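1. Next input, structure requested:
(chains A, B and C)
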Amino acid sequence: MTDLQTQVKELFSNKKIDVLLGWIVDNNSGIQPHLFRIQDDISRLVFNDQCLDNLVTHLPTVLKQHRKVGIVVKGCDGRSLITLLAEKQFERERIIVLAPACNGVAANSVKLGKCADCATHIAPNADYTYDDPDTVSSPEFKESQQIEDLPYYKRWKFFADHFDRCDRCYACRQVCPMCYCEICIVDQQDPQWIDPSTKLSANTMWHLIRAYHLAGRCADCGECERICPEHIPLRILNTSLEKAIIEMFKTRPGTIPDVLPVLVTFNKDTDEGIMKGA
Amino acid sequence: MHMSKDPKILAVLCKWCSYAGADLAGTSRFEYPSNIRIIQVPCSGRIDPLMIFKALIDGYDGILISGCHPGDCHYGTGNYFAQRRLAIARKLLETIGIDPKRLFFTWISAAEGKRFAEICADFHDHLLSLADSPKALAQEGIDR
Amino acid sequence: MAKKWKRLEKSRIKEFLNELHASYEIWLPYLEEDKWRFKEYDIEKEIDLPSSFVHDSIKRLFLPRRKRIMEFNKHKKWPVVPVSPPAANRLLMGIHACDGAALQYLDRVFIDSPYKDTFYEAERNRTVIAGIQCDRMESMCHCTDRGISPEHRDGMDIIMSRTKNGYLLQAITEKGHTILNNRILAETDEQPVKKEWSDQRYPLATPEAFLESYSVDIWRDVMKYCLTCGICTFGCPTCTCFHVADELYKNEGERVAVWDSCQFRSYSRMAAGHNPRARTFERIKNRIMDKFAYSFLRYGQISCTGCGRCVVSCPVKCSLPETATLISNTIKQKKPSLASSDAVSRSKPEQ
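-> Numbers count the residues shown, from 1 in each chain, chains lettered A, B, ... in the order given. Below you'll find the predicted structure:
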């Protein structure tokens, strides 16, 4: 039994948690999310570089049915958890956060792009941590840097080709832990802010508005890009805003507990350099 | 959005300061380009970047947003939120390849009629010098 | 005596298609980055027909993602101008039995029902379908558990089978005969090799039995990680939900039909705000019941042909066929609710 498994068994027997959101290994389907209960075989709980999902997305639903929930989080998942807590989506006391060190995850043996930009190899503000992470490097944001090296008309061509293929399945929205609006703006029909069809202008609107609504809140867990059936490079949009926020406000979303996202706060005392180039 | 001699500008002005400033420009007979359509909002803090994106899709070449000076907001703090939001909106436009200078944000008070006219004229000239915005983003008509 | 087949040499397939290209729009699957997608015939690209699973949904070619229905214009005093459906002849080559059976289901919904969809009918009428038999079943395939097999011919005008250095073809309908009446094809005595196909991967209860499962507790415990993203409904060749919207631009506008999904939370939200399927398990239950019970009652065919696209596209690896089998087993064995058994873990359900 690993330390993580032992701890989970203990939490169950001490009734500290009712259920645990973690990953299970299955012979047929590989590694998947699973809601462990006390009677389950905890030796099937795993944590390794194939644990791709962000379990925080499922947390609010699970919290509706169970009083105390344990959750295993990677560093990026932990960042989204901190923002959800800052936005008061649920109480910290109801969850137990287990944070094993994560040195990156890989799909088909290829390390995911988001891992090169990650500076939180262990989720902050966790109740229990396991192992030591490798040394943390500063974020590169390679993908959005590539876009910044292009002239404007080439940037638009790049995005237009991608947005054109968007099927508006909204999987990006569904998998995102920060998209929890009861009624999403794109589902509003009275008035209809965003056309529901897949013409380029409507798809562009959808992606711009989603990126904008996530600005300052997106934790760069990368799930949106990973599950997009059309392989649209969504992380470029979100990380370009994350870079801007780091430059302007010297803070990275989801890294400091109890700090509200930058777009819902303001600072009276300085003009924050924003009006330059207005 | 074409390289036209008449760039279309959407001006979104806050009711208490900037719109009053525009009114003053009118009553004082200061001239400014006529291709500006003005929308009044209660406060610059009400402005949702969705309006900006929609304006670009509807074919506007530039968007001028103005609110009260910091400290003078009728609702206290609306303009502080606005300045952060619009900075991020501009960055997003820049990422997808729309010149961020098409979004102009400033503070205009109710007494600054002349300044309003000057800003409009400068913005108009400035837009003439920018290259075409991506045509595909502007929906010229229904999607045949 | 078995009906004769015609033979197309692999080396002459482009010659054959080039000739047809003069009078037919041609669509076939091309392999791009390990995924088979339907694309228009490209004279430059090599032709290779898929031997099994195709990722792209065939639905796209008959029920477009965005379909213009009518347009209107204020300056013309708002008369409504219906948009004409396309008319050019089209050849669709390389679909499998699961998609052929799916087209049969779609015909029942959009042509044989009281509310005919003239666009769909036009697309069907203008298309000649040359389906190809699969060489093998992949892990996600389960057409044999849905009443068909990889050699099934329904919904097709021509049936093809891969053979050494070429393809065998046989016409099923008049449209198919017209295409195969070509000197490049030679009649042959060769017959496709008969294969044994396994079933019982995802066995299913009868539609009547499914109706009995309406109130069992197990619905609350299946597919727990489902995000209701809708990717499964978009790939599914028999999912037909659509939404109609008017898109206005200044003084003109158009009415479009776009894909919708019963898995979206707002799908059943009503004007006053009430939503009878606000919860995830309610939407999952509705979809499964519709596919395996309600469709049969309405149209005489279950709306699943075992193509497996839902299994492959699910981002959290839920398995809809596995769930349907689990429900089927529950009905058969009258098992109590999952929560009290250790079947919560992801083991395969017992047969």
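2. what sits against the most centrally placed residue in chain C?
-> In chain C, the residue lying closest to the centroid (CA atoms, centre = their mean) is C:Pro237, at 1.9 Å. Neighbouring residues of C:Pro237 by CB atoms under 8 Å, 6 or more residues apart in numbering or on different chains: C:Ser57, C:Ile58, C:Lys59, C:Cys98, C:Asp99, C:Ala102, C:Leu103, C:Leu106, C:Thr305, C:Cys307, C:Arg309. Every residue, glycine included, has its C-beta placed from N, CA and C.
3. Could you report the separation of the closest residue to the third one other than its chain neighbours from chain A?
-> Read that as C:Lys59. Leaving out its chain neighbours, the residue that sits closest to C:Lys59 by CB to CB, 6 or more residues apart in numbering or on different chains is C:Pro237, at 5.1 Å. Counting by CB to the nearest CB, to the nearest Å, the gap from C:Pro237 to chain A is 15 Å.
4. hang on, C:Pro237 in a helix?
-> No: applying DSSP: H, G, I helix; E, B strand; the rest coil, one finds C:Pro237 to be coil, outside a helix.
5. can you tell me which residues contact the spatially most central residue of chain B?
-> In chain B, the centroid-proximal residue (CA atoms, centre = their mean) is B:Leu64; its distance is 1.3 Å. Going by CB under 8 Å, 6+ apart, B:Leu64 touches B:Ile9, B:Leu10, B:Ala11, B:Val12, B:Ile36, B:Phe104, B:Thr106, B:Ile119, B:Cys120, B:Phe123.
6. Contact residues of chain B facing chain A?
-> Remark: the part of chain B in contact with chain A comprises B:49-50, B:53-54, B:57, B:70-71, B:77, B:80-81, B:83-89, B:91-92, B:94-100, B:104-107, B:131, B:134, B:136-139, B:143, using CB under 8 Å from any CB of the partner chain.
7. What subset of those residues is buried?
-> B:49-50, B:53-54, B:57, B:70, B:80-81, B:83-89, B:91-92, B:94-100, B:104-107, B:134, B:136-139, B:143 (16 or more other CB atoms under 10 Å in any protein chain shown).
8. Take those and keep only those in helices.
-> With DSSP state H as the criterion, helices contain B:49-50, B:53-54, B:57, B:80-81, B:83-89, B:91-92, B:94-96 from among those.
9. Just the pLDDT at the nearest residue to C:Ser198 once chain neighbours are set aside, thanks.
-> Of all residues not flanking C:Ser198 in the chain, C:Thr144 sits nearest, at 6.6 Å (CB to CB, 6+ apart). Looking at C:Thr144, its pLDDT is 92.
10. I'd say C:Thr144 and C:Trp197 touch.
-> Yes: counting by CB atoms under 8 Å, C:Trp197 is a contact partner of C:Thr144 at 5.1 Å.
11. separation between the residue nearest to the centre of chain C and C:His96?
-> 10 Å (CB to CB, to the nearest Å).
12. where does the chain dip in pLDDT?
-> With no chain named, the answer covers chain A. Within chain A, the set of residues satisfying pLDDT under 70 comprises A:270-278.
13. My question was about chain C, not that one.
-> C:1, C:78-79, C:333-351.
14. what does it put close to chain A?
-> So far as CB under 8 Å from any CB goes, chain C lies against chain A at C:65-66, C:224-225, C:227-231, C:234-235, C:243, C:245, C:247, C:256, C:258-259, C:261, C:264-266, C:269, C:280, C:313, C:315-317, C:319, C:342, C:344-348.
15. Pull out the buried members of the residues you listed.
-> Here, 16+ other CB under 10 Å leaves C:65-66, C:224-225, C:227-231, C:234-235, C:245, C:247, C:256, C:258-259, C:261, C:264-265, C:269, C:280, C:313, C:315-317, C:319, C:344, C:346 buried among these.
16. Can you tell me which of the residues you listed end up in strands?
-> C:Arg66, C:Ala245, C:Glu247, C:Val256, C:Val258, C:Trp259 (DSSP state E).
17. Let me have the residues you listed in a markdown table, extended by distance to chain B.
-> Shown next, in a markdown table, are those (distance: CB to the nearest CB, whole Å):
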| residue | distance to chain B |
| --- | --- |
| C:Arg66 | 8 |
| C:Ala245 | 12 |
| C:Glu247 | 7 |
| C:Val256 | 8 |
| C:Val258 | 12 |
| C:Trp259 | 16 |
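18. what sits against A:Trp193?
-> Per CB under 8 Å, 6+ apart, neighbours of A:Trp193: A:Ile185, A:Val186, A:Ile209, B:Leu50, B:Lys54.
19. swap the cut-off to 10 Å and go again
-> By CB atoms under 10 Å, 6 or more residues apart in numbering or on different chains, A:Trp193 lies in contact with A:Ile185, A:Val186, A:Asp187, A:Met205, A:Trp206, A:Ile209, B:Asp48, B:Leu50, B:Met51, B:Lys54.
20. Can you give me the buried ones in stretch C:23-41?
-> Result for stretch C:23-41 [16+ other CB under 10 Å]: buried residues C:Tyr24, C:Glu25, C:Ile26, C:Trp27, C:Leu28, C:Pro29, C:Tyr30, C:Trp36, C:Phe38, C:Tyr41.
21. quick one: which of those is nearest to chain B?
-> Closest approach between the buried residues of stretch C:23-41 and chain B, by CB to the nearest CB: C:Glu25, at 19.2 Å.
22. Would you confirm that that closest one contacts C:Lys39?
-> No: if you go by CB atoms under 10 Å, C:Glu25 and C:Lys39 don't touch, sitting 11.7 Å apart.
23. what about A:Gln189, distance to chain C?
-> Distance from A:Gln189 to chain C, by CB to the nearest CB: 8 Å.
24. go on, A:Ala215?
-> Counting by CB to the nearest CB, the gap from A:Ala215 to chain C is 22 Å.
25. neighbours of that residue, just the number please.
-> The tally of other residues near A:Ala215 (other CB atoms under 10 Å in any protein chain shown) stands at 25.
26. re earlier: skipping adjacent residues, who's closest to the residue nearest to the centre of chain B in space?
-> In space, and not counting its chain neighbours, B:Leu64 is closest to B:Ala11: 4.4 Å by CB to CB, 6+ apart.
27. same deal with C:Thr323?
-> C:Thr323 sits nearest to C:Val222 (CB to CB, 6+ apart), 4.8 Å away.
28. With C:Thr178 instead?
-> C:Val128 (7.8 Å).
29. Spell out the secondary structure type for that neighbour.
-> Counting by three-state DSSP, the backbone at C:Val128 sits in strand.
30. likewise A:Val62?
-> A:Val62 - assigned by three-state DSSP - is helix.
31. Settle this for me: it is touching A:Gly22, isn't it.
-> No: A:Val62 lies out of contact with A:Gly22 (CB under 10 Å); the separation is 11.5 Å.
32. can you give me the strands in chain B?
-> Under DSSP E, chain B gives strands at B:9-14, B:36-41, B:62-67, B:103-107.
33. quick one, the third one and strand B:9-14 angle?
-> To tie it back to what came earlier, the one meant is strand B:62-67. Orientation check (axes from the mean of the first three to the mean of the last three CA atoms, to 10 degrees): strand B:62-67 against strand B:9-14 gives 10 degrees.
34. May I have the strands that pair with strand B:62-67, each with its orientation?
-> strand B:9-14 (parallel), strand B:103-107 (parallel) (DSSP bridges).
35. of those, which approaches A:Tyr153 most closely?
-> Closest of those to A:Tyr153 is strand B:103-107, at 17.8 Å (criterion: CB to CB).
36. who's in contact with B:Tyr97?
-> Heads up, residue B:97 is Gly, not Tyr. Counted by CB under 10 Å, 6+ apart, B:Gly97 has contacts A:147, A:150-160, B:133-134, B:137.
37. Which ones among the residues you listed lie within helices?
-> Reading helices off the contacts of B:Gly97 with DSSP H, I get A:Ile147, A:Tyr152, A:Tyr153, A:Lys154, A:Arg155, A:Trp156, A:Lys157, A:Phe158, A:Phe159, A:Ala160.
38. now those as a markdown table including distance to A:Pro257 and neighbour count?
-> Output for those, formatted as a markdown table (distance: CB to CB, whole Å; neighbours: other CB atoms under 10 Å in any protein chain shown):
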| residue | distance to A:Pro257 | neighbour count |
| --- | --- | --- |
| A:Ile147 | 32 | 21 |
| A:Tyr152 | 39 | 18 |
| A:Tyr153 | 43 | 14 |
| A:Lys154 | 40 | 12 |
| A:Arg155 | 36 | 21 |
| A:Trp156 | 39 | 21 |
| A:Lys157 | 41 | 15 |
| A:Phe158 | 37 | 17 |
| A:Phe159 | 34 | 25 |
| A:Ala160 | 40 | 17 |
